[in-house]
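Engineer: I'll drop the sequence and a predicted model, then ask my questions.
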Amino acid sequence: MAAATIERALRIEPSNPLLWLEYGQVRMTEGNYAQAESMGRKAVALASGDSRTQANAWRLIADSLQAQNKTTEAKQAELRVSSLSGR
């Protein structure tokens, strides 16, 4: 149900990085980690100039990589989160 609503919203506003983030979170809860990672990367690309949204997208990417047992890549994504959020 949530996925269908977000898909409709994306048809209307495909350049909205927040929608891609939300869709990625839905995929994470479904266990579709590769797709969640892809959606996080799409959100990063669309969120240029918005460091908060980019940090949230990198968090999604890091979590999805960790869930895929891609530990080294997940740590690199964590560094991106830290640099964008000032931590």
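Structural biologist: Cool, got the structure.
Engineer: can you count the residues close to the nearest residue to residue 3 once chain neighbours are set aside?
Structural biologist: Nearest non-adjacent residue to residue 3, counting by C-beta to C-beta, 6 or more residues apart in numbering: residue 26, 5.1 Å away. (Glycine included, C-beta is placed from N, CA and C.) Residue 26 has 20 neighbours, counted by other C-beta atoms under 10 Å.
Engineer: Go ahead and list the helix or strand containing residue 26.
Structural biologist: Take DSSP states H and E as the rule and residue 26 turns out to sit in helix 17-30.
Engineer: can you list the residues that contact that helix?
Structural biologist: 2-3, 6-7, 9-10, 13, 33, 35-40, 42-44, 46-47, 50, 53, 56-57, 60, 63-64, 67 (C-beta atoms under 8 Å, 6 or more residues apart in numbering).
Engineer: Helices - which of the residues you listed land there?
Structural biologist: Among the contacts of helix 17-30, the members falling in helices (DSSP state H) are 2-3, 6-7, 9-10, 33, 35-40, 42-44, 46, 53, 56-57, 60, 63-64, 67.
Engineer: Now restrict those to buried residues only.
Structural biologist: Buried members of the ones in helices among the contacts of helix 17-30, scored by 16 or more other C-beta atoms under 10 Å, are 6, 10, 33, 35-40, 42-44, 46, 53, 56-57, 60, 63-64, 67.
Engineer: Mind pulling up the pLDDT for residue 12?
Structural biologist: Listed pLDDT for residue 12 reads 97.
Engineer: repeat for residue 1
Structural biologist: pLDDT recorded at residue 1 is 74.
Engineer: number of nearby residues for it?
Structural biologist: Residues lying near residue 1 (other C-beta under 10 Å) number 6.
Engineer: Also residue 77?
Structural biologist: Counted with other C-beta under 10 Å, the neighbours of residue 77 add up to 25.
Engineer: now do residue 72
Structural biologist: For residue 72, the neighbour count with other C-beta under 10 Å is 8.
Engineer: start the count at 13, not 1, going forward
Structural biologist: Yes, from this point I'll number from 13; that puts the last item at residue 84.
Engineer: for whichever strand or helix holds it, which positions count as buried?
Structural biologist: Here residue 84 sits within helix 83-97, counting by DSSP H and E. Across helix 83-97, burial judged by 16+ other C-beta under 10 Å covers 85-86, 89-90, 92-93, 96.
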